[in-house]
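Q: generate coordinates for the sequence data below:
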Amino acid sequence: MKRLTLLLLFVGATCLEVEAQSWLQMLQNLFGGSSKSEEVATPKFITASQLQGEWFFSTSEIEYEGDDALASMGVSALKGRASDLLGRVGVVAGRDKIVIRSGNRATLQIGEHRSEGNYTYDAKTGKLAFSGELAGKNYTLEGSTEYQEGKLKLLFNAHKVMAILKDVEPALTEHEYVKIADQLFTSYPGIQVGATFQK
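A: As a prediction, the model looks like this:
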């Protein structure tokens with residue numbers, strides 16, 4: 001109950017900044033959606049050769065495909081704070097990048113910090129897995145990709161990403177946003193986080 005109350009307070013506080021159109025969309029989601037028929041876009045996957053190269057961070061991504069109204073509101077609130085949190089930990093759009101090379105090698109670079117590892121990619125399903133070392137510890141993270149108009153979106157299970165972040169950077173867990181996000185990710189396993197990249 002305490003977790004639910006904390007989440008509701010956070011959602012309420014952050015939703016005060018939401019524009020009127022966003023409120024309308026949120027109400028439509030809560031009470032049966034829009035009267036317009038919505039087309040479901042078929043995801044497009046990048047080829048293995050197109051995947052290779054330097055991909056620069058553009059925007060953060062948080063998605064939830066479930067039907068829980070509370071989780072949907074929580075994710076909407078978190079989206080508005082994600083860029084601020086990434087800025088606090090030093091992630092810069094247009095500078096930080098992932099470099100994907102032949103031989104299934106990949107490099108993540110955030111400022112002066114660099115992590116080398118391996119990746120596997122299935123162009124038929126868009127599934128991608130990274131394994132490498134962060135702060136002296138080995139990790140594997142599996143996710144999905146979507147490619148459209150020159151933009152590559154990478155999404156991973158939010159709970160698993162949070163577990164890695166807490167292990168690598170324990171001080172980060174003291175941030176109020178991270179605490180609330182962790183509660184949300186634990187309660188609703190269908191949430192995914194990641195980023196959009198461009199070459």
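Q: quick check: mean pLDDT of the lengthiest helix in the chain?
A: Counting by DSSP state H, the longest helix found in the chain is helix 69-88. In this model, helix 69-88 has a mean pLDDT of 82.
Q: could you do stretch 130-147 as well?
A: Mean pLDDT, computed over stretch 130-147, is 90.
Q: ditto for stretch 169-181
A: 81.
Q: give me the number of residues near the residue nearest to Ser83 when sequence neighbours are not counted?
A: Nearest residue to Ser83 in three dimensions, chain neighbours excluded: Ser60, at 5.9 Å (C-beta to C-beta, 6 or more residues apart in numbering). C-betas here are computed from N, CA, C, even on glycine. Applying other C-beta atoms under 10 Å, we find 19 residues neighbouring Ser60.
Q: shouldn't Ser144 be within a strand?
A: Yes: assessed by DSSP: H, G, I helix; E, B strand; the rest coil, Ser144 belongs to a strand.
Q: about what we covered before: is it true that the residue nearest to Ser83 touches Gln192?
A: No: counting by C-beta atoms under 8 Å, Ser60 does not reach Gln192; the two are 11.6 Å apart.
Q: mind telling me what element the residue nearest to Ser83 is part of?
A: Ser60 belongs to strand 53-64 when assigned by DSSP states H and E.
Q: that strand vs helix 69-88, what angle?
A: Note on geometry: by axes from the mean of the first three to the mean of the last three C-alpha atoms, to 10 degrees, strand 53-64 and helix 69-88 are set 150 degrees apart in direction.
Q: list the buried residues in strand 53-64.
A: For strand 53-64, burial by neighbour count (16 or more other C-beta atoms under 10 Å) applies to 55-57, 59-62, 64.
Q: ok, which pair from those is furthest apart?
A: With C-beta to C-beta as the measure, no two of these lie farther apart than Phe56 and Tyr64, at 25.9 Å.
Q: surely Arg114 is in contact with Ala106?
A: No: counting by C-beta under 8 Å, Arg114 does not reach Ala106; the two are 11.3 Å apart.
Q: those two: which has the busier surroundings?
A: Legend: neighbour count by other C-beta under 10 Å for Arg114 and Ala106, higher for Ala106 (22 against 10).
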